[in-house]
Each structure stands twice: as structure tokens, then as C-alpha cells.
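Engineer: fold the following, please.
(one chain, ligands or ions: 1)
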Amino acid sequence: MQRTTIGVFDSGFGGLTVLRALLPLIPDAHYIYLGDTARLPYGAKSQATIARYAVESARFLAARGADLLVIACNTATALALPEITAAAPIPVIGVVQPGAQAAAQALTLLSEPLALGPEPYVLVLATAATVASHAYRSACAELGLHATEKACPLLVPLVEEGWIDHPVTRDVLRIYLTEALATCNPQAIILGCTHYPLLASEIADTLRNLHSTALIIDSAHATAQAVAAALNMTSQPTSTTATFECFATDSVEKFQRLGNLFLHQPLIDVQLLDLGG
Ligand code: DGL
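Structural biologist: The predicted model follows:
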């Protein structure tokens, strides 16, 4: 039996946090990763532009042989999932729904000791475009969760600079989280951007310093679980070692250097891809 080919798409390197979460859960797949690094960041662009870019990438991955497509980018999922799903002739899984579901599940499990009000409360940290779309707020509302969304536009460039455990990043986190916690008292915080799982321990420290006991929900991990659940229904493991093809629409050297930070393993075979302007 042929192994399953999973296409993973992101605006850049950040989706490698989703790939990293997929590998231990589905180690027998062939992965095709596409980072649209030439057109990154998506988080500050309009819906029409994000949809156009994401559809081009989805079509490429489907034509390359993907059996299933993971939209690892929160911004592309939030703004263009219907367009991507309509354009791709294969099943598509985005990150927003699994992230909201993971928060709902965590809060249901812990609802007794954490209950602070009539309905469970969630804070979503994301890019400006994701926040403006209110995709997380809608997904949370469908699950009975009340969500406040906070745009954190400085975090993506800080992570890409490698400034993870860095005083500037800690200051920025303190400012964003202080502002957000002045408006709500969440029981869970969804990391609604591919880059934020790299800051999970700094976010946890900042929350502790601000006397918040909110749980941190990593939508990358929740998405990997949703993909594993979807594949268990349709396929059998055929091998135990994942194989990769990686494509970047800009510098291969930069993709390999930053990719290592996100994937925690070297990316040897990265090919340059021209998707046009
Ligand atoms: N991948 C994007 C996301 O998860 C972050 C980077 C960007 O703005 O393109 O929202």
C-alpha cells in the first residue's frame, strides 16, 4: 500500500511547528511542505491577497501529489479556508477549528475548578489579519466559548530574528498580555499563530508574573491530532520513517537556517519554487 502524502502549507517557516507536531503522530507519511517565504508575512495583508496566495499554494501541493492538505498558517485558515477548500481537489484541514476544539476540550475537563463565570472564557493571540477576521471568535462561539482576540504583530518578526528568550521579547509579551488581561480574565489562551509555540514557555512565565492561571493551548499540536484522527479513518501505516520534500518561494539558505529553529532538525533538501508575484 502506498504511503499517505500530506501537504503542509504556511506563509513561511512557522508551519514547521505544525509539521513538528505531525511527525511523532504520523511518522509513516510522505510530507510536502511549502513555505511561501517570498510573500510572507500574510498577517498584515488583505483577505483577497491572502486567498489568492493560499489558493496558488494549495493547487501546487495537490498537483504535487498530496492526499490531504494541512493549512498550517492561522492567517490563511482564518481568511481563506473556504476558497482553499473550493480550489483543492483533496481534503483540507486548517488550524483554527482544532485550536478552538482543544480549548473547549481542556476547559470542559477542567471546568469545575476553573469556572469563573457563566461561560468559559478564552483569549486568542494571533496576527492582525487573523484577529480582524474573527475566525477564532466564531469557532469558539460555536463551541460555547467566549473569546477575546488580541493582535500581537511584533511577535512574528521577533521569533524570526531568533529573539526567543530575549529581554525585548519578554517586554513585548508583558505589554501585550497586560493589555489583553485588562479586558478579560481567560481560563485558556490559544496560540493562534504558527510562530507563538516557540514562545510558549516565555508566554507561560509572563502569565505567571501577571497572576494568570490560564492554560496555554497550542493550535499546532491540536491540528496534528485532527490530521491523525482524519487519517486513522482512511489509511494504514506502511513504514515508520517520514520522508520530506520542502519548497520555499524565497531564499533556500534562509529557509534552512530558520527552519531548523522551528522544526528542531536540519532541513537538507529545500527547493526554490516560483509561484509568481
Ligand atoms: N503563518 C502566520 C500565521 O500563523 C504568521 C506569519 C505571517 O504573518 O505570515 O498566522
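
Engineer: and residue 202, how many neighbours?
Structural biologist: Other residues within reach of residue 202 by the criterion other CB atoms under 10 Å amount to 19. Just so you know, the C-beta spots here come from the backbone N, C-alpha and C atoms, and that holds for glycine as well.

Engineer: repeat that for residue 64.
Structural biologist: The burial metric for residue 64, expressed as a neighbour count using other CB under 10 Å, is 14.

Engineer: what sits against the residue nearest to it when sequence neighbours are not counted?
Structural biologist: Residue nearest to residue 64 in three dimensions, not counting chain neighbours: residue 32, with 5.4 Å by CB to CB, 6 or more residues apart in numbering. Going by CB atoms under 8 Å, 6 or more residues apart in numbering, residue 32 touches 5-8, 61, 64-66, 244-247.

Engineer: what is the nearest of the residues you listed to the ligand?
Structural biologist: Nearest to the ligand among the contacts of residue 32 is residue 8, at 11.7 Å by CB to the nearest ligand atom.

Engineer: ok so, going back, just the ones in helices from the contacts of residue 32, please.
Structural biologist: residue 61 (DSSP state H).

Engineer: of the contacts of residue 32, which is the most crowded?
Structural biologist: Neighbours here are counted as other CB under 10 Å. On that basis the top member of these is residue 7, with 28 neighbours.

Engineer: and it, what are its bridge partners?
Structural biologist: The residues listed as beta-bridge partners of residue 7 by DSSP bridges are residue 32, residue 69.

Engineer: mind checking how far it is from residue 95?
Structural biologist: Note on residue 7: its distance to residue 95, by CB to CB, to the nearest Å, is 14 Å.

Engineer: and for residue 251?
Structural biologist: On the measure of CB to CB, residue 251 and residue 95 end up 25 Å apart.

Engineer: got it, and residue 24?
Structural biologist: With distances defined as CB to CB, the gap from residue 24 to residue 95 amounts to 18 Å.

Engineer: compare those two (neighbour count), which wins?
Structural biologist: Between residue 24 and residue 95, counting by other CB under 10 Å, residue 95 is the more crowded of the two (34 against 10).

Engineer: touching, the more buried one and residue 73? I think so.
Structural biologist: Yes - counting by CB atoms under 8 Å, residue 95 does reach residue 73; the two are 7.4 Å apart.

Engineer: tell me how many other residues surround residue 200.
Structural biologist: Using other CB under 10 Å: residue 200 sits among 16 other residues.

Engineer: picking up where we left off before, now render the contacts of residue 32 as TSV, adding pLDDT and distance to the ligand.
Structural biologist: Listed next are these as TSV, based on pLDDT from 0 to 100; distance: CB to the nearest ligand atom, whole Å:
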residue	pLDDT	distance to the ligand
5	97	22
6	98	18
7	98	16
8	98	12
61	98	16
64	97	20
65	97	23
66	98	19
244	91	19
245	95	20
246	96	16
247	97	16
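
Engineer: what's the closest of the contacts of residue 32 to residue 146?
Structural biologist: Nearest to residue 146 among the contacts of residue 32 is residue 8, at 31.1 Å by CB to CB.

Engineer: what's near enough to touch that closest one?
Structural biologist: Under the contact definition (CB under 8 Å, 6+ apart), the residues listed for residue 8 are 15, 18-19, 22, 31-34, 69-70, 72.

Engineer: residues near residue 211, how many?
Structural biologist: A count of nearby residues for residue 211, using other CB under 10 Å, gives 7.

Engineer: can you tell me the SS state at it?
Structural biologist: Reduced to three states with DSSP: H, G, I helix; E, B strand; the rest coil, the structure at residue 211 is coil.
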